[in-house]
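Undergrad: next input, structure requested:
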Amino acid sequence: MTVNFKQTKELKKSSIKDILNVELSSKYSTCDIFENNIILLGIKSIWLNSLFVMNYMDLFIIYYNQGKPLHKLTFEQKEIILSPKTKSFYYLLQKKQNQNLQKNLIETAKIFI
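TA: Sure thing, here's the model as predicted:
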């Protein structure tokens, strides 16, 4: 996938499903390049499908969580408890290698929210 201004602009308009439907790179994956497509086709839950049609930026706002830790989220009156391995924007800010970038990360996130 090419990363440039045009691609980023398109990404912001995309749904989660659109992003997951992109072929996986064989360079970085041991999975079939269509693995995500196969999984998405197998989803029969209307509720879960509605999560995947959510706009990427709407999900980012949830992930950002005003820079606070995120342990659970509520979507369409259902609570999703996140695994301790799932890290929100807060944990990205706490990483030692990001300490010098913390202010820039927050300012950039706020521009998009």
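Undergrad: quick one: contacts of the one helix or strand Asp58 maps to?
TA: In this structure, Asp58 sits in helix 56-64 according to DSSP states H and E. For helix 56-64, contacts defined as C-beta atoms under 8 Å, 6 or more residues apart in numbering pick out 11-16, 18-19, 70, 73, 88-89, 109, 112-113. From N, CA and C alone the C-beta is placed, and that goes for glycine too.
Undergrad: next one: stretch 21-33 to chain centre, how far?
TA: 17 Å (C-alpha atoms, centre = their mean, to the nearest Å).
Undergrad: and that stretch, which residues are buried?
TA: Buried residues in stretch 21-33, counted by 16 or more other C-beta atoms under 10 Å: Leu24.
Undergrad: for Pro69, see how far away Pro84 is.
TA: 11 Å (C-beta to C-beta, to the nearest Å).
Undergrad: which of these two has more neighbours?
TA: Using other C-beta atoms under 10 Å, the more surrounded residue of Pro84 and Pro69 is Pro69, with 12 against 7.
Undergrad: so who does the nearest residue to that one once chain neighbours are set aside touch?
TA: Counting by C-beta to C-beta, 6 or more residues apart in numbering, the nearest residue to Pro69 once its immediate chain neighbours are dropped is Tyr90, at 4.7 Å. Shown in contact with Tyr90 (C-beta under 8 Å, 6+ apart): Asn65, Gly67, Lys68, Pro69, Leu70.
Undergrad: pLDDT score assigned to the first one?
TA: Per-residue confidence at Asn65 stands at 89 (pLDDT).
Undergrad: phi first, then psi, for the closest residue to it other than its chain neighbours.
TA: Sequence neighbours aside, Ser88 is the residue nearest to Asn65 in space, at 5.4 Å (criterion: C-beta to C-beta, 6+ apart). Torsion angles at Ser88 (phi, psi; degrees, to the nearest 10) stand at phi -90, psi -180.
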